[in-house]
Structures are given as C-alpha cells and as structure tokens.
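Chemist: I would like to see how this sequence folds:
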Amino acid sequence: MKITLIFISLACFAPGLLAADEPSPSPTPISRHYTPRPGPVRRLNYIERRHESEAREGAAQAKAQAQANRKSAAAAQAQAKAADRARTQAQRQVAAEARIETRHQTPRANSDLMSRMGFSDDEIAAEKAREQSAKSGTKETTSATSQTQRQQEQPTPTSGIGAGGDHPTVAPQKPVSILPATDPDSH
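Modeler: Numbering: from 1, shown residues only. This next block holds a predicted model:
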C-alpha cells in the first residue's frame, strides 16, 4: 500500500515539478469581480443624482417654508400692532368726545341725581326746596344788582342835604351756584 501511494503521488506531482523548472509566461490576471455593464452604472448614477436633487429640493422647500412662516408671523404681528394702535386711537377719541360732551352738558339738579341714585322721597323733596330757595335768591340778587348798576350810572347830585344817603344801596350778594354734577350713567 505504501508503494501504491508513492507511485500515485509521483504520477500526480511529477509534471508540476518538471514544469516548475521550465520558465513560463505570466498568466493574465483574472478578475473575480466582473465590471458591470454600462446600463446598470448609468442607472446607479441616475439614482444617486436623483437622491441628491431630492435632498436639495427638500432643503429648499424647508427653507422656503421657514421664510414664509417668518413673513406670516411678522405680518400678523404688524397687523396686531396696527389694530392695537387703531383701538387705542378710537378709545382716545371717544374719551375726548365724552369730555367735550360733559363740558357742554347742562348741569343737572341735585334732586334729579338723588332720585337716580335711589335716595328717599323726603330727602329729594328737601333738596328740591333748597334748590328752589337758591333759585329765587339768585333772581332777587340779580335784580338788586341790576338796580344798583342803574343807580350808579345815573349822575349823583353833589349839592343838597343827604346827597349820599337818599338812595338805599343794597350790597350785591354772591349768586348761589349749583355745581355741575357728573352724570352717573356716563361712566
């Protein structure tokens, strides 16, 4: 068995040993990775370019959206400021008109205000009586002052008895004025 093994191994390895002694041309390298055909390379390039362009478009869209959001926020803020300014101006104008209106408003009697405020009838009647007496007092004082003004306009005689004491002079009284009360409904 040993002999058969030796004989077979010599038969197999002998031609290689003989060939190793002789020079042989170098074999051409064999590539194990075959180059793809031109079609798939172009397709891969196309797919890669398409992904890049989609990424650029997505970034551009995101940038445009962010810019539009900023613009709309700025426009909304400007509109809110304008509305606030207009509201403030309208409030100022209404307040000015109310001041002008109250300035030109005729004063109301205290009894009217008291009746609106819910005072008792006795208190209102007492206030009306005071108002009436104040009105009649002012009429008397205005007629007395007009008489004294007429007397002062007339030439006074300087000669004679009682030149200064013939005419009774009435000291002018200050008219009682009713202060204008604010209208409780105007607030």
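
Chemist: Give the residue spans of the chain that score low on pLDDT.
Modeler: Per-residue confidence for the chain (pLDDT under 70) gives these ranges: 14-38, 106-108, 138-187.

Chemist: mind listing the strands for the chain?
Modeler: Counting by DSSP state E, no segments of the chain form strands.

Chemist: Could you point out the longest helix of it?
Modeler: When the chain is parsed with DSSP state H, its longest helix is helix 38-104.

Chemist: Who are the packing partners of that helix?
Modeler: Judged by 3 or more CB pairs under 8 Å, 6 or more residues apart in numbering; DSSP states H and E, helix 38-104 is in contact with no other helix or strand. (Glycine included, C-beta is placed from N, CA and C.)

Chemist: count of neighbours near A86?
Modeler: Residues lying near A86 (other CB atoms under 10 Å) number 10.

Chemist: hang on, I meant S111
Modeler: With other CB under 10 Å as criterion, S111 counts 19.

Chemist: Who are the contact partners of it?
Modeler: 124, 127-128, 131 (CB atoms under 8 Å, 6 or more residues apart in numbering).

Chemist: From those residues, which land in helices?
Modeler: 124, 127-128, 131.

Chemist: which of those residues lies closest to N69?
Modeler: The closest of the ones in helices among the contacts of S111 to N69 turns out to be I124 (CB to CB; 65.8 Å).

Chemist: unless I'm mixing things up, that closest one is touching S115, no?
Modeler: Yes - under the criterion of CB atoms under 8 Å, I124 is in contact with S115, at a separation of 5.4 Å.

Chemist: How much space separates G58 from E123?
Modeler: As judged by CB to CB, to the nearest Å, G58 and E123 stand 82 Å apart.

Chemist: what's the answer for R42, then?
Modeler: With CB to CB as the criterion, R42 and E123 are 106 Å apart.

Chemist: again with R87
Modeler: According to CB to CB, R87 stands 42 Å off from E123.

Chemist: can you check R56 too?
Modeler: R56 sits 87 Å away from E123 when distances are taken as CB to CB.

Chemist: quick revisit: output the ones in helices among the contacts of S111 as CSV; include the columns neighbour count and distance to E52.
Modeler: As requested, those are arranged in CSV below (neighbours: other CB atoms under 10 Å; distance: CB to CB, whole Å):
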residue, neighbour count, distance to E52
I124, 17, 92
E127, 18, 93
K128, 16, 95
E131, 16, 94
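
Chemist: Alright, that wraps it up for me.
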